[in-house]
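Q: Pasted the sequence and its predicted model underneath.
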Amino acid sequence: MMAGQHAQCRISMTISLRLNPRDPMSPMAAGGIPASYYVEGNYQKAVEAARQCLADYPAYAPPRRWLVAALGNWDGRTKPLPRCTISRRSRHIRLTRGYTIGPLYIM
């Protein structure tokens, strides 16, 4: 995501959504916002952004993965839980304690 510049990436995606909200690529731009928050480690904002993206584009699946991963890492307060990773190849979510959630075929 823009070589680690997550805030600049979110600004670019937000501008893209504001200027052309009906573009066929808009779900991808909206889905990048929760991904950038997740990679940045701000799980609370990732959960909020993923829920907003799913409300706007319910058929677009990738925000569901970021939502599950962010909820797995965030306990609802300020203390993060152990990290959780998403394997794009196997479409599973692997938790650090050895648990796996998947496969993710959510549409």
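A: Sure, I can see it.

Q: ok, Y57 touching M25?
A: No - counting by C-beta atoms under 8 Å, Y57 stays clear of M25, with 11.1 Å between them. For the C-beta atoms, the positions are set from N, CA and C on the backbone; glycine is no exception.

Q: which of these two has more neighbours?
A: Each of Y57 and M25 has its neighbours counted (other C-beta atoms under 10 Å); Y57 has more, 16 against 10.

Q: what mean pLDDT would you report for stretch 5-23?
A: In this model, stretch 5-23 has a mean pLDDT of 91.

Q: Low-confidence bits of the protein, can you list those?
A: Counting by pLDDT under 70, the low-confidence segments of the chain come to 1-2, 75-107.

Q: Please repeat the previous calculation with a cut-off of 90.
A: Residues of the chain that meet the criterion pLDDT under 90 lie in 1-7, 9, 21-22, 39-42, 70-107.

Q: For it, just list every one of the helices.
A: Here the chain has its helices, by DSSP state H, at 6-19, 26-40, 43-56, 62-73.

Q: Using CSV, lay out those helices together with mean neighbour count.
A: Converted to CSV, the helices of the chain look like this (neighbours: other C-beta atoms under 10 Å):
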stretch, mean neighbour count
helix 6-19, 15
helix 26-40, 21
helix 43-56, 19
helix 62-73, 22
